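Asks: need a 3D model of the following:
(one chain, ligands or ions: 1)
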Amino acid sequence: MAEEHYDAIVIGSGFGGSIAAYRLAEKGIKTLVLERGKWWPITDRQDTFCTYREPDGRAAWLSDETVMFEPKPINKYVGLLERHIEDGITVWCAAGVGGGSLVYNTVLYQPSRANWNRVFPPEIPYDEMDAVYYPRVRSVIKPSPIPGDVLESDYYLSTRIMTEQASLAGMKVRRADLGSDWDVVRQELQGEKKTGGHRWRNLVRHQ
Ligand SMILES: Cc1cc2nc3c(=O)[nH]c(=O)nc-3n(C[C@H](O)[C@H](O)[C@H](O)COP(=O)(O)OP(=O)(O)OC[C@H]3O[C@@H](n4cnc5c(N)ncnc54)[C@H](O)[C@@H]3O)c2cc1C
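Replies: Now for the predicted structure:
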């Protein structure tokens, strides 16, 4: 093997790793990113991933069954989602170039100050996140809650039932902001666009 030297090595290409690598490279620091998962080329054919209803090996990381909701048999492959069942907690994480951005639901949620301070050290101040970074992300992605006509469609029946039940249980329900292009969703609902595997991924792609 050729001998190579890097000033920094970033392991994982998710939200954290890819931005860290980008910032290092911007400063002229020679950086290597190591990613365990596949690079998934996204094309307009929207067939990069399998569908939720018809899963195959692309759905899960080295597993012979799907790992979310009801298990279905699949071929073992270096697919998207890995599941860890730990003591009292189940953790799902993505595998692939882009990490969680390949599978996440595009919910853009700003935590409360209290929750932020419980998790992050004072070196990452909430005030700056609140004043600079969260508004910047919102201005680029322009998130919005699911519109009524989309929510009324068959695909969102489970969401409607969950909302109804949560309200009946006395919980306060509100629609979260999502970084989705609702016009693309409407095209999918009308059958004008194929709903790619992890549909949300295609929505992100089409923003
Ligand atoms: C199904 C799902 C839906 C989600 N929906 C939302 C949402 O709507 N809104 C939201 O804010 N958050 C959501 N999240 C959470 C969000 O995706 C994660 O918080 C975020 O991706 C974490 O970023 P990260 O950079 O820390 O890690 P990740 O994005 O998970 O990236 C880690 C990367 O490291 C790679 N890796 C791991 N181990 C190794 C190794 N040994 N060698 C090389 N590479 C390795 C992985 O393959 C992966 O690409 C969701 C997560 C999941 C799983």
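Asks: the domain parsing of the chain - what is it?
Replies: Domain segmentation of the chain under automatic domain parsing yields 109-139, 143-207.
Asks: can you put the ones you listed in TSV and add mean pLDDT, mean neighbour count and distance to residue 44?
Replies: In short, each C-beta sits where N, CA and C put it, glycine included. Formatted as TSV, the domains of the chain follow (pLDDT from 0 to 100; neighbours: other CB atoms under 10 Å; distance: least, CB to CB, whole Å):
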stretch	mean pLDDT	mean neighbour count	distance to residue 44
domain 109-139	96	12	26
domain 143-207	82	15	9
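Asks: right, so of the ones you listed, which gets closest to residue 68?
Replies: Residue 68 sits nearest to domain 143-207 of all the domains of the chain, at 10.3 Å, using CB to CB.
Asks: about what we covered before: could you point out which of the domains of the chain sits nearest residue 3?
Replies: Short answer: domain 109-139, nearest of the domains of the chain by CB to CB, at 36.0 Å.
Asks: which SSE is residue 33 in?
Replies: In this assignment (DSSP states H and E), residue 33 forms part of strand 31-34.
Asks: report the mean per-residue pLDDT for the helix or strand following that strand.
Replies: On the C-terminal side of strand 31-34, the closest following helix or strand by DSSP H and E is strand 81-85. Mean pLDDT, computed over strand 81-85, is 96.
Asks: what parts of the chain come near the ligand?
Replies: 11-17, 34-37, 92-96, 99-100, 103-107, 109 (CB under 6 Å from any ligand atom).
Asks: what subset of those residues is buried?
Replies: 12-14, 17, 35, 37, 94-96, 99, 103-104, 106 (16 or more other CB atoms under 10 Å).
Asks: what separation is there between residue 64 and residue 94?
Replies: As judged by CB to CB, to the nearest Å, residue 64 and residue 94 stand 19 Å apart.
Asks: what does residue 107 give?
Replies: 15 Å.
Asks: cool, residue 43 as well?
Replies: With the distance defined as CB to CB, residue 43 ends up 20 Å from residue 94.
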